[in-house]
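Colleague: Here is a sequence together with a model predicted from it:
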Amino acid sequence: MGMTVVEKILARASGRGAVKAGDVVEPAVDLAMSHENAALVINQFLEIYSGTGREPAIWDPSKVAIIFDHRVPAESAKTAGNQKKIREFVSRYAISKFHDIRGDTGGICHQILPESGYVRPGAVVVGTDSHTTSHGALGAFAFGIGATEMASVWALGTALNVEVPGTILVEVEGEFGPYVGPKDLILHLIGLISAQGANFKVIEFHGRTIRAMSTSGRLVLCNMSVEAGATAGIVPADEETDRYLRDEAGVESVQEHVTADPGASYSRVISIDVSSLVPQVACPHAVDNVRSVREVAGTSVQQIVIGSCTNGRLDDLEVAAGILRGKKVARGTRMLVFPASGRIYAEALRKGFIADFMNSGAVVMNPGCGPCLGVHEGALGDNETALSTTNRNFKGRMGNPSASVYLCSPAVAAASALEGVITDPTEGRN
Amino acid sequence: MGNVVLKLADDVSTDVIYPGRYMATVLPTETPQFAFADNAALNAALRGGQVPPGSVIVAGKNFGCGSSREQAVSALKGYDLTIVAESFARIFLQNAINLGLHIVTAPGVRASVGDDLTVSGENVLNGTTRLSYAVERLPQARQAIIDAGGLIAYTRKRLLDTAAGVTHT
């Protein structure tokens, strides 16, 4: 019996010849990422050692990454205190993959990890953030865990009691039409299989459309796989992965690709042809409440957000800037743009996208999670509606339980900003 | 167990259980005050001590989906609540096991607010409707963490075992 990509990764990481879905393994961890919730991980980590008479020790500080992104710069004294405590811990335990609040090397964890070359094909990556699934875009097995589980990883270097997940194979064929892309594909898939459709499973993406897709687009697919309940999303590494690692992440060494065996066993196979796909939107208050943009066109929006770990990358900013260039955001609508990292911000500045945004009336913010999780800037007023390129629209998500959030691609967000209502970018632009 | 104090539908996210704006609060002694913060009546009842320990929340499928925030578990544990759901989202389930929140997976479970639920053997019994529902058992590997008293105790034991030369396979 052949193995899927994730079965192969887990077999190697747990020192076994072969594993199959349902087996319980303890894989060695290659990268362990946290953001500000490292404050809680630190508490739990120290608690493990309490009463043992042993000095707390991180199994391998070079494999721990901590990135400040959720509340940057700090919105409160409490957050600033957490960040200060984490900095002291980072310094004491010599954690080198630390990204503080900085304009050059800072940004959102799910952009910093790939662009810094920290994620390699075939690696086991854990993160105290559900969108850790993003890193499957580089052919790694990457999944979200809680803070206590991370404390255990820091101590032992392995993830305990991991059940090898079954795999859903998604085959994607066809060419995207203008202003249709990876975000529309993943929203369509989530709508198709529901928010529970991939629970405890991996989504493995294949097909010519995926092979032709940039790593930036693959990050969108893997990022939002968790919104279908998936443990992980994964795109098996290929030449594009090599290109990204070499050209964009500065990784010189050739990376071994892990590919699925012929005859690997899949729990479900889904085929999608994107050539007829139209722009998609997830309606309030569930990510699987997906419709075509046309069905909700004309809905009035007070806030547009472009950014986040899902859609704050250079190609996202490029398509949005192209639509906004020389035009104005509608009165009564405010638009916020959050580049995913300092590096992306600088490139967008060089390419003139930032000027396009500002001239159109959009506010360009510093890289970070921003309003996506409702803890920082960009909160919504009572009964307001937002249209956002982020990944969740649960009740209360943007800081106000009476507000509504629609999720979409950067093209839909930009076209809608000009009109002040949800707008299909393919209409009038072909 | 106890009486049902809240009945929820499918896909209840951790944003609903513990809103993101309180995420800077991490201590298990402090998180309970923000449990279901956007449900003012329930939050007030919890904080006011009107929900007795052992009370039950009954939910549909995929309870705890979304963010990995562990506060969603520590906040509920602070009131010694039991969550009976048709299914749980993966990270929430693991966090609940790791921290020792009492969770019961019972596919098809039906109950209304006020019903009395008890776990009897391998079933959840709704004492009000007299209907019973099979409990889905946890995989053995997860049960081991519960038996150890949570993941901190389990990891501590593993560390000490490793130091003493005991191997785990």
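Modeller: Arrived safely, thanks for sending. Numbering: from 1, shown residues only, chains lettered A, B, ... in the order given.
Colleague: Look up the pLDDT of B:T169 for me, please.
Modeller: B:T169 carries a pLDDT value of 56.
Colleague: for the residue lying closest to B:N39 once chain neighbours are set aside, what are its contacts?
Modeller: Nearest non-adjacent residue to B:N39, counting by Cβ to Cβ, 6 or more residues apart in numbering or on different chains: B:V16, 7.9 Å away. From N, CA and C alone the C-beta is placed, and that goes for glycine too. Listed by Cβ atoms under 8 Å, 6 or more residues apart in numbering or on different chains, the contact set of B:V16 reads A:F394, A:K395, A:G396, B:F36, B:D38, B:N39.
Colleague: B:V16 and B:F63, how far apart?
Modeller: According to Cβ to Cβ, to the nearest Å, B:V16 stands 10 Å off from B:F63.
Colleague: which secondary structure element contains the residue nearest to B:N39?
Modeller: For B:V16, the host element (DSSP states H and E) is helix B:14-17.
Colleague: chain center to that helix, what's the gap?
Modeller: 13 Å (Cα atoms, centre = their mean, to the nearest Å).
Colleague: Correct me if wrong: A:I190 contacts A:M224.
Modeller: Yes. A:I190 is within contact range of A:M224, at 6.7 Å (criterion: Cβ atoms under 8 Å).
Colleague: Longest helix in the chain, please.
Modeller: Assuming you mean chain A. When chain A is scanned for its longest helix (criterion: DSSP state H), the result is helix A:77-92.
Colleague: wrong one, I was asking about chain B
Modeller: Chain B, longest helix under DSSP H: helix B:151-163.
Colleague: for that helix, packing partners?
Modeller: If you count contacts as 3 or more Cβ pairs under 8 Å, 6 or more residues apart in numbering or on different chains; DSSP states H and E, helix B:151-163 packs onto helix A:38-49, helix A:147-156, helix B:90-99, helix B:140-147.
Colleague: Report the central residue of chain A.
Modeller: What sits nearest the mean C-alpha location of chain A, by Cα atoms, centre = their mean, is A:N223, with 3.6 Å.
Colleague: Tell me if that residue really is in a strand.
Modeller: No. Assigned with DSSP: H, G, I helix; E, B strand; the rest coil, A:N223 falls outside any strand and is helix.
Colleague: Point out where the chain drops to low pLDDT.
Modeller: All of this is about chain A. Residues of chain A that meet the criterion pLDDT under 70 lie in A:429-430.
Colleague: wrong one, I was asking about chain B
Modeller: Along chain B, segments meeting pLDDT under 70 span B:168-169.
Colleague: Name all residues that make contact with residue 165.
Modeller: This is for chain A. Contacts of A:P165 (Cβ under 8 Å, 6+ apart): A:V6, A:A21, A:F200, A:K201, A:V202, A:T231, A:A232.
Colleague: shared neighbours, A:I190 and A:M224?
Modeller: Counting by Cβ under 8 Å, 6+ apart, the shared contacts of A:I190 and A:M224 are A:V287.
Colleague: more crowded one of those two?
Modeller: Remark: of A:I190 and A:M224, A:M224 carries more neighbours, 31 against 27, as counted by other Cβ atoms under 10 Å in any protein chain shown.
Colleague: Leaving out the residues flanking it, which one is nearest to that one?
Modeller: Nearest residue to A:M224 in three dimensions, chain neighbours excluded: A:I186, at 4.5 Å (Cβ to Cβ, 6+ apart).
Colleague: Can you tell me the element the one you found falls in?
Modeller: Going by DSSP H and E, A:I186 is part of helix A:182-193.
Colleague: Please apply the same query to B:A37.
Modeller: B:A37 is located outside every helix and strand, with elements delineated by DSSP H and E.
Colleague: list the contacts for it?
Modeller: B:Y18, B:P19, B:Y22, B:N43.
Colleague: Which single one of the residues you listed is nearest to chain A?
Modeller: Among the contacts of B:A37, B:P19 lies closest to chain A (Cβ to the nearest Cβ), at 5.2 Å.
Colleague: Pretty sure that closest one sits against A:L373.
Modeller: No. When contacts are counted by Cβ under 8 Å, B:P19 is not listed as touching A:L373 (9.1 Å).
Colleague: Burial check on the closest residue to B:E122 other than its chain neighbours, number of neighbours?
Modeller: Of all residues not flanking B:E122 in the chain, B:V135 sits nearest, at 5.3 Å (Cβ to Cβ, 6+ apart). Counted with other Cβ under 10 Å, the neighbours of B:V135 add up to 18.
Colleague: B:V135 reaches B:V104, doesn't it?
Modeller: Yes. B:V135 lies in contact with B:V104 (Cβ under 8 Å); the separation is 5.8 Å.
Colleague: Quick check: neighbours shared by these two?
Modeller: B:V119, B:V124.
Colleague: about what we covered before: kindly reformat the helices and strands packed on helix B:151-163 as JSON lines containing distance to A:R16.
Modeller: Shown next, in JSON lines, are the helices and strands packed on helix B:151-163 (distance: least, Cβ to Cβ, whole Å):
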{"stretch": "helix A:38-49", "distance to A:R16": "26"}
{"stretch": "helix A:147-156", "distance to A:R16": "18"}
{"stretch": "helix B:90-99", "distance to A:R16": "22"}
{"stretch": "helix B:140-147", "distance to A:R16": "15"}
